[in-house]
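Asks: I'd like to go over a predicted model; first the sequence, then the structure.
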Amino acid sequence: MPNSAGVSPRTAEEAAEPAGPDAAASGALAFRLLGPVCVTRAGVAVPLSGAKIHTVLAVLLLARGALVTDSRLSAALWADAPPTTSNSQIYTYVSRLRKTLGNRVQIFRKGPGYVLDAR
């Protein structure tokens, strides 16, 4: 249903993909956060290994392009009992996400955390 400006809202999946007939051929990614966290590329599931990587991706996506600090990621991953190697493990999870998602999504280090740009 269009809003007061006459624009129809897009779902999170639609917003992550470019519009138009060539969208599927371009390898566009779609993210789903309701239910199990998943990623698809042109309608095909992108395998994400492990619950921790799913958690990191979900936290970064929910931030909608804002900085997510290491401490926020640590709290999401381990609550009040992070391992002593938590920063190294977060770095590894982000590195794996970068490799899995490819160049359509940029996850970059900014100050004390990470920012995901899925435009």
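Replies: Cool, the structure landed. Because the structure is a prediction, the values reported are computed rather than measured.
Asks: Do a quick rundown of the strands in the protein.
Replies: In the chain, the segments counted as strands under DSSP state E are 29-32, 38-41, 44-46, 68-69, 106-110, 113-117.
Asks: Let me see the residues that make contact with the second one.
Replies: With contact meaning C-beta atoms under 8 Å, 6 or more residues apart in numbering, strand 38-41 is reached by 27-32, 45-46, 48, 57, 100-101. The way it works is simple: take the backbone N, C-alpha and C, and place the C-beta from them, glycine included.
Asks: in that strand, what counts as buried?
Replies: Neighbour-count burial for strand 38-41 flags 39-41 (criterion: 16 or more other C-beta atoms under 10 Å).
Asks: partners of that strand in the sheet?
Replies: Each strand paired with strand 38-41, and its direction, by DSSP bridges: strand 29-32 (antiparallel), strand 44-46 (antiparallel).
Asks: I'd like to know which of these is closest to residue 106.
Replies: strand 29-32 (11.8 Å; C-beta to C-beta).
Asks: what's the average pLDDT for that closest one?
Replies: Mean per-residue pLDDT for strand 29-32: 95.
Asks: ok, back up a step: columns mean neighbour count on top of the strands paired with strand 38-41, output as TSV?
Replies: TSV is the format used below for the strands paired with strand 38-41 (neighbours: other C-beta atoms under 10 Å):
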stretch	mean neighbour count
strand 29-32	19
strand 44-46	11
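Asks: any idea how far residue 52 lies from residue 73?
Replies: Residue 52 is 10 Å from residue 73, where distance means C-beta to C-beta, to the nearest Å.
Asks: my guess is residue 59 contacts residue 73, does it?
Replies: Yes - taking contacts as C-beta atoms under 8 Å, residue 59 lies within contact range of residue 73: 5.9 Å.
Asks: which stretches of this structure form helices?
Replies: Using DSSP state H, the helices of the chain run over 12-16, 51-62, 70-78, 86-101.
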